[in-house]
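Participant: Return a 3D structure for these sequence lines:
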Amino acid sequence: MPHDRSALILDFGGVISRTLFETHDLTEAALGLAPGTLTWRGPFDPDCDPLWQAMQADEITERDYWRRRTLEVAALSGADWTEMADFVRAARGASPAEVIRPEFLTAIRIARETGIRLAVLSNELDLFYGAEFRAKLPFLAAFDVIHDATHTGILKPDPRAYTACLDALGLPAAACVFVDDQARNIRGAAAVGLSTVHFNVRDPRAGYAEALEKLGLDPGRLP
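Facilitator: Here you go, the predicted structure:
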């Protein structure tokens, strides 16, 4: 791929930051819960998370999954949250940058240095995190496009979500690499011609290495 005609398109969530599954200890400390209170582990232990299995089977949506978890944790902590953003703000506190994946930060630096454009394509960036969350993440200023279905109402894997992001970038699908941790979104991206990386949150370095290699870049600097 020519570097002046390429882009790296990233989901937000677990692709960019450590997931809430990985930071139960931080959540419990922030909310005053006893260690070990939170036991659901999603992709890290799917056999012990039937709700996650239901989401993966398309019996419920990802928004449904997190709505249920938000209400459960609210009940445990005595909070009156109704939105995922309330949960995230309480769990992640005033310093969300502390849970950003170092592999992500290095990968976007490499991409920028070589002229690769950057985009976020999210189903619920502002819905889950709150609009003010972006101000606490200075790296977002490096992104050419942030396409968030919170505002458009068109969610991946609807092909219109991908094509709208591509239109905003001014690039064809064949010039872009798309990274997401949900298989349904990867299938949707492939259907519109995007090169894809199915990101494994249990091995973030491998996901970013694959993405950089598909862009013709050396992943050797990844932590």
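Participant: Quick check: which element contains the nearest residue to residue 218 once chain neighbours are set aside?
Facilitator: Using CB to CB, 6 or more residues apart in numbering and skipping the chain neighbours, the partner closest in space to residue 218 is residue 212 (7.0 Å). Where you see a C-beta, it was placed from the backbone N, CA and C, and this is true even at glycine. Here residue 212 is covered by helix 204-214, with elements defined by DSSP states H and E.
Participant: Report the buried residues of that helix.
Facilitator: 204-205, 207-212, 214 (16 or more other CB atoms under 10 Å).
Participant: Show me what secondary structure element comes after the lowest-mean-pLDDT helix or strand in the chain.
Facilitator: The least trusted helix or strand in the chain, going by mean pLDDT, DSSP states H and E, turns out to be helix 125-129, with a mean of 78. On the C-terminal side of helix 125-129, the closest following helix or strand by DSSP H and E is strand 145-148.
Participant: name the helices or strands packed onto that next one?
Facilitator: Where contact means 3 or more CB pairs under 8 Å, 6 or more residues apart in numbering; DSSP states H and E, strand 145-148 is packed against strand 117-122, helix 125-129, helix 159-169.
Participant: Need the winner for burial among those.
Facilitator: Greatest average neighbour count among those goes to strand 117-122 (a mean of 23), per mean count of other CB atoms under 10 Å.
Participant: so what strands line up beside that strand?
Facilitator: When pairing is defined by DSSP bridges, strand 117-122 lines up against strand 7-10 (parallel), strand 145-148 (parallel).
Participant: just the buried residues of helix 204-214 now: which is nearest residue 174?
Facilitator: Checking these against residue 174 with CB to CB, the nearest one is residue 214 at 11.5 Å.
Participant: So the closest one versus residue 184, what's the distance?
Facilitator: 20 Å (CB to CB, to the nearest Å).
Participant: Mean pLDDT and mean neighbour count added to the strands paired with strand 117-122, as JSON lines?
Facilitator: Formatted as JSON lines, those follow (pLDDT from 0 to 100; neighbours: other CB atoms under 10 Å):
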{"stretch": "strand 7-10", "mean pLDDT": "98", "mean neighbour count": "26"}
{"stretch": "strand 145-148", "mean pLDDT": "95", "mean neighbour count": "20"}
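Participant: do you know which of the ones you listed lies nearest residue 125?
Facilitator: Nearest of those (CB to CB): strand 145-148, 4.3 Å.
Participant: What segments of the protein are helices?
Facilitator: Ranges of helices in the chain, per DSSP state H, are 13-16, 24-31, 50-56, 62-77, 84-92, 102-113, 125-129, 149-152, 159-169, 183-191, 204-214.
Participant: For the third one, the averaged confidence score.
Facilitator: When pLDDT is averaged along helix 50-56, the result is 96.
Participant: how far out from the middle of the chain is it?
Facilitator: From the chain centre to the centre of helix 50-56 is a distance of 18 Å (CA atoms, centre = their mean, to the nearest Å).
Participant: likewise the second one?
Facilitator: Average the C-alpha atoms of helix 24-31, do the same for its chain, and the two points are 20 Å apart (CA atoms, centre = their mean).
Participant: what does the fourth one give?
Facilitator: Offset of helix 62-77 from its chain centre (CA atoms, centre = their mean): 18 Å.
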